[in-house]
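Colleague: turn this into a model:
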Amino acid sequence: MPGAVARHFDTVVGVVLVLVCLVAYGSHACPTVYWYDSAEYAAAAATLGIPHPPGYPLYTLVAHVFTWLPMEPARAVNLMSSTFGALTVGTVYAVGRALGARPTASGLGALSLASAPIFFGNSLVAEVYTPALFVALLVLWLLLRGRARGQRRLVVLAAFVAGLGLGMHLFVATCGLGYALLVLGFGTGAGGPRTLAHLARRDDLGQTLRLVGLCLLATFVGSLIYLYIPLRAASGPAVNVNDPSTWERFWWVVTGGNYRNWFLKEYDLGQRLWGATRLFWDQLGAVGALLAGAGLWALGRRDVQVALALVLAAAGNIWFFIDYNVHDLPVFLLPAVAMLACAIPAGAQWALDAARVDERRTLPRTIVIAALWGYGLLRLWSTRSEADLSEFTEARDYGEQLARELPKGAVIVNFTTPPEWQRDAVFRLYFREVLGERRDVEIVTLPPPEWLVAQVRSGRPVYFYVPVPMAGEFVVMEPVGVAVRAVAVRERPPR
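Modeller: Next comes the predicted model:
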């Protein structure tokens with residue numbers, strides 16, 4: 001295939017993959033506000049506010065642009081996840097092509113990530129993960145292109161994008177070991193394991209150090225996006241979680257806030273690693289996981305630096321989050337899943353080359369191509385039906401009902417437990433601050449017991465999102481509609 005025709009075909013395949021995924025994600029995206037962090041992100045985007053640590057400044061700014069679309073703000077930010085999900089799939093395809101795989105093999109790698117259940121699900125609601133994954137893979141693609149073309153400016157650009165991408169999610173930094181290897185290996189060329197020795201003894205050490213310095217500077221400049229947080233917080237936006245308007249509070253927020261305390265001190269490393277292995281198998285599927293392993297092996301034979309870079313990027317992500325004690329831990333390992341997906345094209349290309357006996361016998365190759373793409377499209381179709389949120393209105397219905405039911409002058413007491421956060425993000429942040437509903441309702445966080453008792457005794461309508469055991473020690477609660485009302489002060493028996 002002539003060069004110009006090949007490039008045209010290459011572009012068409014990539015664009016088709018992006019469009020197919022955009023339709024798949026967009027048509028199954030949540031049509032309105034979703035629970036938990038999704039509601040908070042939509043509210044922060046609409047008000048240019050500050051969400052929970054580490055603040056996600058670039059995500060908020062980009063999401064705010066999506067709220068300019070002529071639709072409900074929450075739906076617009078949901079579609080942002082769909083858009084970046086599709087672009088991430090296209091970037092996996094581009095990485096596969098940069099690694100030398102043909103369009104067919106590269107497309108299979110892209111479809112493997114596109115159909116990963118966790119990735120698909122996060123492409124349907126307002127979340128930070130698909131935009132951050134797009135940045136992480138864009139950095140990888142720029143490094144590979146710069147390396148192949150011998151263009152240092154692309155390597156420096158990749159470093160700047162990485163720094164900027166920290167404003168999408170800090171998990172971009174966990175892939176840094178893989179990125180660093182590609183920077184250090186710039187100019188050494190492809191080759192087997194012996195080429196690693198060239199990194200330690202090379203004649204252009206001075207140029208390499210200058211490139212490293214430029215990359216560090218570019219990353220720092222990109223990371224200055226975080227200055228948005230204290231500057232914006234100082235203006236008192238409607239959504240201003242933890243109020244990082246002082247430098248002390250700002251540093252606390254960008255270094256993780258309370259989430260820093262969620263890492264386990266003692267845990268079964270073997271059990272956690274086994275869980276991560278099962279995650280990769282479940283997300284990429286049996287064929288995808290096996291082809292990823294084959295791809296790393298094939299890459300290692302002809303370009304060990306790239307193979308090792310993918311392994312280090314995935315390993316860094318796993319190492320950082322392996323002891324993170326959250327219920328949704330798998331989502332934090334998506335960068336590792338994406339890096340393995342980038343190895344699938346090399347494995348698929350190896351399988352295709354093995355199937356082609358000679359130039360005149362292409363039937364086995366055609367059968368393999370049809371089988372691989374059929375498998376990828378079937379997984380995408382299957383995941384689509386399981387993850388569909390196109391008719392999900394539960395969170396919106398809850399907010400609307402609570403807004404109707406609360407009497408005038410009501411107060412909601414919030415003790416910040418997870419079930420309360422699920423509802424508070426929807427009602428307080430989205431319905432009140434974005435849609436302007438029921439701003440007469442006061443929401444008080446973690447009040448002292450004396451204040452709570454005094455409010456109930458005064459006859460003020462005091463509500464809770466859900467029954468809260470710690471409040472139940474002082475007041476009697478009864479369900480009223482979708483909320484819970486404090487109906488009396490609990491008389492505590494004498495000791």
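Colleague: quick one: the closest residue to E72 other than its chain neighbours from S390, how far?
Modeller: Take E72 and drop its neighbours on the chain: the residue closest to it by CB to CB, 6 or more residues apart in numbering is T32, 6.0 Å away. Heads up, the C-betas are built off the backbone N, CA and C, glycines and all. Between T32 and S390 the computed distance is 11 Å (CB to CB, to the nearest Å).
Colleague: distance check, the nearest residue to V161 once chain neighbours are set aside against V489.
Modeller: Setting aside the residues directly before and after it, V161 is nearest to V139 in space (CB to CB, 6+ apart), at 5.4 Å. Between V139 and V489 the computed distance is 58 Å (CB to CB).
Colleague: neighbour-wise, which of the two wins?
Modeller: Neighbour count, other CB atoms under 10 Å: between V139 and V489, V139 has more, with 28 against 15.
Colleague: quick one: pLDDT of the more buried one?
Modeller: With respect to pLDDT, V139 scores 98.
Colleague: assumed it was part of a helix.
Modeller: Yes - using DSSP: H, G, I helix; E, B strand; the rest coil, the assignment for V139 is a helix.
Colleague: where does pLDDT dip in the stretch 201-350 of the chain?
Modeller: Counting by pLDDT under 70, the ranges of the stretch 201-350 of the chain that qualify are 201-204.
Colleague: how much space separates L166 from P57?
Modeller: For L166, the distance to P57 (CB to CB) stands at 9 Å.
Colleague: run through the helices of the stretch 1-150 of the chain in chain order.
Modeller: Per DSSP state H, counting those that start in this stretch, the stretch 1-150 of the chain carries helices over the ranges 3-28, 36-47, 57-66, 73-98, 103-114, 117-122, 129-149.
Colleague: angle of the fourth one against helix 129-149?
Modeller: When you say that, I think you mean helix 73-98. Taking axes from the mean of the first three to the mean of the last three CA atoms, to 10 degrees, one finds that helix 73-98 is oriented at 20 degrees with respect to helix 129-149.
Colleague: what mean pLDDT does helix 73-98 have?
Modeller: 96.
Colleague: who are the packing partners of it?
Modeller: Taking 3 or more CB pairs under 8 Å, 6 or more residues apart in numbering; DSSP states H and E as the contact definition, the neighbouring helices and strands of helix 73-98 are helix 3-28, helix 36-47, helix 57-66, helix 103-114, helix 117-122, helix 129-149, helix 334-355.
Colleague: so which of the ones you listed is nearest S458?
Modeller: helix 36-47 (31.0 Å; CB to CB).
Colleague: contacting residues around the closest one?
Modeller: For helix 36-47, contacts defined as CB atoms under 8 Å, 6 or more residues apart in numbering pick out 30, 33, 49-52, 56, 59-60, 63-64, 66-67, 73-74, 77-78, 125-128, 237-239, 241, 395, 421-422, 425-426, 429-430, 433-434.
Colleague: mind checking which of the residues you listed are buried?
Modeller: Restricting the contacts of helix 36-47 to buried positions leaves 30, 33, 49-52, 56, 59-60, 63-64, 66-67, 73-74, 77-78, 125-128, 237, 239, 241, 395, 421-422, 425-426, 429-430, 433-434, with burial counted as 16 or more other CB atoms under 10 Å.
Colleague: ok, now which ones touch the nearest residue to A42 once chain neighbours are set aside?
Modeller: Nearest residue to A42 in three dimensions, chain neighbours excluded: A74, at 4.2 Å (CB to CB, 6+ apart). Residues in contact with A74 (CB under 8 Å, 6+ apart) are 30, 32-34, 38-39, 42, 126, 430, 434.
Colleague: could you rerun that using 10 Å?
Modeller: Counting by CB atoms under 10 Å, 6 or more residues apart in numbering, A74 makes contact with 30-34, 38-39, 41-43, 45-46, 67, 125-126, 395-396, 426, 430, 434-435.
Colleague: the residue nearest to V161 against M168, yeah?
Modeller: No - judged on CB atoms under 10 Å, V139 makes no contact with M168 at a distance of 11.3 Å.
Colleague: endpoint to endpoint, stretch 321-331 covers what distance?
Modeller: 10 Å (CA to CA, to the nearest Å).
Colleague: now do that stretch: everything it contacts.
Modeller: Counting by CB under 10 Å, 6+ apart, stretch 321-331 makes contact with 36-37, 117-119, 121-122, 127-129, 171, 174, 259, 261-267, 269, 272-273, 275-276, 278-280, 282-283, 332-333, 335-337, 418, all of which sit outside it.
Colleague: just give me how far that stretch sits from the chain centre.
Modeller: Centroid separation between stretch 321-331 and its chain, computed with CA atoms, centre = their mean, to the nearest Å, is 13 Å.
Colleague: cool, stretch 317-334 as well?
Modeller: With CA atoms, centre = their mean as the basis, the distance from the averaged C-alpha position of stretch 317-334 to the chain average is 12 Å.
Colleague: buried set for it?
Modeller: When burial is assessed from 16+ other CB under 10 Å, stretch 317-334 yields the following buried residues: 317-318, 320-322, 329-334.
Colleague: any idea how far apart the tips of it sit?
Modeller: Terminal residues of stretch 317-334 lie 9 Å apart, using CA to CA.
Colleague: what do you get for stretch 254-266?
Modeller: Between the start and the finish of stretch 254-266 there is a gap of 25 Å, counting by CA to CA.
Colleague: pull out the buried positions in that stretch.
Modeller: Within stretch 254-266, the residues that qualify as buried are 254, 257, counting by 16+ other CB under 10 Å.
Colleague: how does the protein divide into domains?
Modeller: Split into domains by automatic domain parsing, the chain comes to 3-387, 394-489.
Colleague: and the pLDDT at P494?
Modeller: We have a pLDDT of 45 for P494.
Colleague: ranking the domains of the chain by burial, who's on top?
Modeller: Most buried of these by mean neighbour count (mean count of other CB atoms under 10 Å) is domain 3-387; its value is a mean of 20.
Colleague: ok, now which ones touch A63?
Modeller: For A63, counting by CB under 10 Å, 6+ apart, the contacting residues are 41-42, 44-46, 48, 51, 56, 73, 76-77, 80-81, 126, 128, 131.
Colleague: reformat the helices of the stretch 1-150 of the chain as CSV; add distance to R210.
Modeller: Converted to CSV, these look like this (distance: least, CB to CB, whole Å):
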stretch, distance to R210
helix 3-28, 33
helix 36-47, 39
helix 57-66, 28
helix 73-98, 25
helix 103-114, 33
helix 117-122, 38
helix 129-149, 15
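Colleague: to D303, which of those helices lies closest?
Modeller: helix 129-149 (9.5 Å).
Colleague: packing partners of the closest one?
Modeller: For helix 129-149, the contact count by 3 or more CB pairs under 10 Å, 6 or more residues apart in numbering; DSSP states H and E identifies helix 57-66, helix 73-98, helix 117-122, helix 152-165, helix 176-184, helix 205-223, helix 304-321, helix 334-355 as packing neighbours.
Colleague: what angle sits between it and helix 103-114?
Modeller: Following the same axes, to 10 degrees, one obtains 150 degrees for the angle between helix 129-149 and helix 103-114.
Colleague: quick one: helix 129-149 to chain centroid distance?
Modeller: Using CA atoms, centre = their mean, the distance between the centre of helix 129-149 and that of its chain works out at 15 Å.
Colleague: what do you get for stretch 312-320?
Modeller: Centre-to-centre, stretch 312-320 and its host chain are 15 Å apart (CA atoms, centre = their mean).
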